[in-house]
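Student: Dropping a prediction and its sequence here:
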Amino acid sequence: MVARVSQITVNGIRRQIDADSGRSLLSVLRDDLGLTGTKYGCGEGECGACTVLLDGQPARSCITPVSAAAAKPIVTIEDIHHPVQDAFLEAGALQCGYCTSGMIVAAVALLNKTPHPTRQQIVRHMNGNICRCGTYLRIVDAIQKAAQAHA
Amino acid sequence: MLDQLDRRDFMSLFGSGLLVAFSSKAQESGIARRVPPGIPQDVDSWLHVGGDGLVTVYTGKTEIGQNIRTSLTQAVSEELRCPAGSISLIMADTALTPFDMGTFGSRTTPTMAPQLRRAAATARDTLLELAAEKWKTGRDRLTIADGKITCADGGQSIGFGELTKGQKLAKTINRDLAVARPAGQSVAKLYARDIVTGKHKYTPDLQRPGMLHGGVLRPPAFGATLVSVEPDTLPGVTIVHDGDFVGVAAPDAQAAANALRQLKAEWKRTPQPSGAALYEDLKKTASPGEGPSIGSIEQGLASADIKLHATYTVAYIAHAPLEPRAALAEWDNGALTVQTGTQRPFGVRAELAEAFKIPEDRVRVMVPDFGSAYGGKHSGECAIEAARLARAAGKPVKLVWTREEEFTWGYFRPAGVIEVSSGARRDGSLTAWDFHNYNSGPSGIQGLYEIPHQRNIFHPANSPLRQGSYRGLAATANHFARESHIDELARELAIDPLAFRLKNLAEARLRAVLQAAAERFGWDSKGTSNGKGLACGFEKGGYIATCAQVAVENGQIRILRVVEAFECGAIVNPDHLRNQIQGAISMAIGGALFEQMRFDNGKILNGRFSLYRVPRFSDMPEIDVVLVDRPDLPSAGAGETPIVGLAPAVANAVYDFNGTRLRALPLSV
């Protein structure tokens, strides 16, 4: 008998689910709860498209078993309301935008912890997120602008 | 989602008061809007002004991050004289948009934008005609701006919608009407807020009522054939077994993955190519080929003071768009609708019609704005697989390829071998150029330099891997070889590489970008060994020059700074152009330094991001883009050509840094 997970707390709301405990949080968010803002990119935690906040920390939902997330608050892009989103728009820090949700969630995690990161801190923190269109420098600019706006 | 899309189309057609009434049945099957075959010449196939004044534009192009949804909206807005916010584009829906070959070859800006401009200009002309009639006045008394027409006589004005009442503009596009050059405004990317809030629906995000999730059982290697598979049935799962194809459809993605794991298949493998002897194999299987040739190579070499011969290679690389191939297929009474991320919706429609032996008018392909392609999504394999599963299951089926599938079962940028023999005089004039590209392709192979005796030949060969289009095609390979070799000649002659190029280049537009890049970079013609390199080129109407500054540290090439000048005629949207160039340079770093498919006996060995290194934040140099605007010239596309200069500029910079000549991509010290 496979252990099951029956509820998780996403974006401040307790949600009833019925999932094998080993299933990825990503699949539960997307397929069971319809929260498709969080993306599948690689399934091995290498690209960051699936980044969510787990207890305030950035987590790769594609390699996080839903059981490991059951007792912690989960925040997805759908509940992010942060100046960095406007900064992305102003900096034109996206092309196809498929990586953008993960980039923004990762950036929010950074800015929550380090409100005024250096360029080097941004690069180090964001290095696990891939933008195949190559908008990296604009993303760094956007994060810096958002940090300045917060000053 | 289909409902929503249909509803949007419905509103744009009915809500805006088209006179023709369609049955909802017809609308459901996607044949409500009759678009003439070929390239329609009537305004209404491309553009409709609704009774509410909203303008709907139809184009078969796809939006994949190159921001053509924005640039084409700009074109219509400028020509029709209405705000961008009053325009919406229906893109890449084979039931609603005119036929289109596909979104590739940087063709949107030079062909689709003028096409829509001409349609919009004709619409504008018709609106003015209608207003003149209405007010019984001369056309010269009217001004058209901001979505309305105003009359100088009494100062009255009327909105486009009030004028047309949403009726079709039954006009043939007047090709004699003058259309304007782009205004060159940095209009912000449309619908970007939907992306930064996670609302935009990419292909894998689409849903249909009753939808199942699909999965495909993949062979262990290329060329393997299925001997047996069991079981035939699993509870709650549709299993399709047809020849070598085995796939499943299940109520959720996990059930589909579980079902695949339970299938035990025996495959028969046959010996397949390996990467070890790749370049020898390409040369062995090459055909004589063809290409432009002038003068006599023998004569050119005979008159040279120095002669060089060198061989360059480029590896297979993957597009690796972050959104893997995905499709959602649904059958209704023998008619098929597939929503899928492809650059060629009409090509995929033809593939589906062929695969299922049904007429093309029974197939509708719809493409959402998707998570990019870079030339990698021309084909419909995922769409066909989803449609097979949907047909068997009798329900809509969504199939999203895994990253490993995307890395393995699509196609690759061709590998190639390029051999160059050349001759030059001591004074720096080139006398002979004999350039042979084996397998990677003819794009950008044409001669740039003024050489009296030259030959540029592409030799097709047998590719051991499935290969296809890629951003810039073979222009990257051909520019890498050509610009590396030019650098080798300059060094051999002890002439500054910039001066050597300028001595042998006549094309004013190319010289202009080369000088612009060199100036911004601070190219020092004295050329001390400090790790700088340059390259220039031309492809698809765009002129490019790239300067790079590198260092080699701990056996790694580190790109410190890149300056790239680009000229593609009149600039459409400066910020988006800059973004494309920055993105192309960033992407090019992968092909230049890391990316290479490894394969052995028909198996891809590095088909995942943990094994296939792509550029990341920490790889980014300082990038300085110089836009050279030519408002007097037609606009060319800019999504591809800016990728071609980086690799040779970096290779030349490595030579400048430590005297090591690197002739293979990816570069390795």
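Tutor: Great, that's in hand. Numbering: from 1, shown residues only, chains lettered A, B, ... in the order given.
Student: which one is residue 51 nearest to, not counting chain neighbours?
Tutor: Let's take chain A. Counting by CB to CB, 6 or more residues apart in numbering or on different chains, A:Thr51 lies nearest to A:Gly102, which is 4.0 Å off, once chain neighbours are set aside. Just so you know, the C-beta spots here come from the backbone N, C-alpha and C atoms, and that holds for glycine as well.
Student: um, chain B though
Tutor: Spatial nearest neighbour of B:Gly51, excluding adjacent residues (CB to CB, 6+ apart): B:Gly166 at 3.2 Å.
Student: other SSEs contacting the helix or strand containing B:Lys283?
Tutor: Here B:Lys283, judged by DSSP states H and E, is contained in helix B:278-284. Judged by 3 or more CB pairs under 8 Å, 6 or more residues apart in numbering or on different chains; DSSP states H and E, helix B:278-284 is in contact with strand B:416-424.
Student: before we move on, back to that, run a quick neighbour tally on the residue nearest to B:Gly51.
Tutor: B:Gly166: 21 surrounding residues under other CB atoms under 10 Å in any protein chain shown.
Student: go on, the one 5 residues further on?
Tutor: By the measure other CB under 10 Å, the count of residues near B:Lys171 is 16.
Student: check contacts around the residue of chain A found nearest chain B.
Tutor: For chain A and chain B, the shortest gap (CB to the nearest CB) falls at A:Gly37, measuring 2.3 Å. Residues in contact with A:Gly37, defined by CB atoms under 8 Å, 6 or more residues apart in numbering or on different chains, are A:76-78, A:101, B:197-199.
Student: Next one: it, what pLDDT does it get?
Tutor: Note on A:Gly37: pLDDT of 98.
Student: which secondary structure elements does the helix or strand containing A:Ala87 contact?
Tutor: Using DSSP H and E, A:Ala87 sits in helix A:83-91. Contacts defined by 3+ CB pairs under 8 Å, 6+ apart place helix A:83-91 against helix A:100-113, helix A:136-149, helix B:192-196.
Student: And these: which comes nearest B:Leu577?
Tutor: Among these, helix A:136-149 comes nearest to B:Leu577, with 13.5 Å by CB to CB.
Student: Report the residue spans of the stretch 1-150 of chain B with pLDDT below the cut-off.
Tutor: Applying pLDDT under 70 to the stretch 1-150 of chain B flags the ranges B:1-33.
Student: Break the chain down into its domains, please.
Tutor: Picking chain A for this. Chain A breaks down into these domains under automatic domain parsing: A:4-78, A:80-149.
Student: Chain B is the one I meant
Tutor: B:2-196, B:203-269+B:325-400, B:278-317+B:412-665.
Student: Now render the ones you listed as JSON lines, adding distance to A:Ala142.
Tutor: Formatted as JSON lines, the domains of chain B follow (distance: least, CB to CB, whole Å):
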{"stretch": "domain B:2-196", "distance to A:Ala142": "10"}
{"stretch": "domain B:203-269+B:325-400", "distance to A:Ala142": "19"}
{"stretch": "domain B:278-317+B:412-665", "distance to A:Ala142": "12"}
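Student: Which among these is found nearest to A:Phe88?
Tutor: Nearest of these (CB to CB): domain B:2-196, 5.0 Å.
Student: how much distance is there from the closest one to the middle of the chain?
Tutor: Relative to its chain's centre, domain B:2-196 lies at 24 Å (CA atoms, centre = their mean, to the nearest Å).
Student: Ok, stretch B:568-577 next?
Tutor: 17 Å.
Student: Okay, buried residues for that stretch please.
Tutor: Of the residues in stretch B:568-577, B:568-573, B:575-577 count as buried by neighbour count, 16 or more other CB atoms under 10 Å in any protein chain shown.
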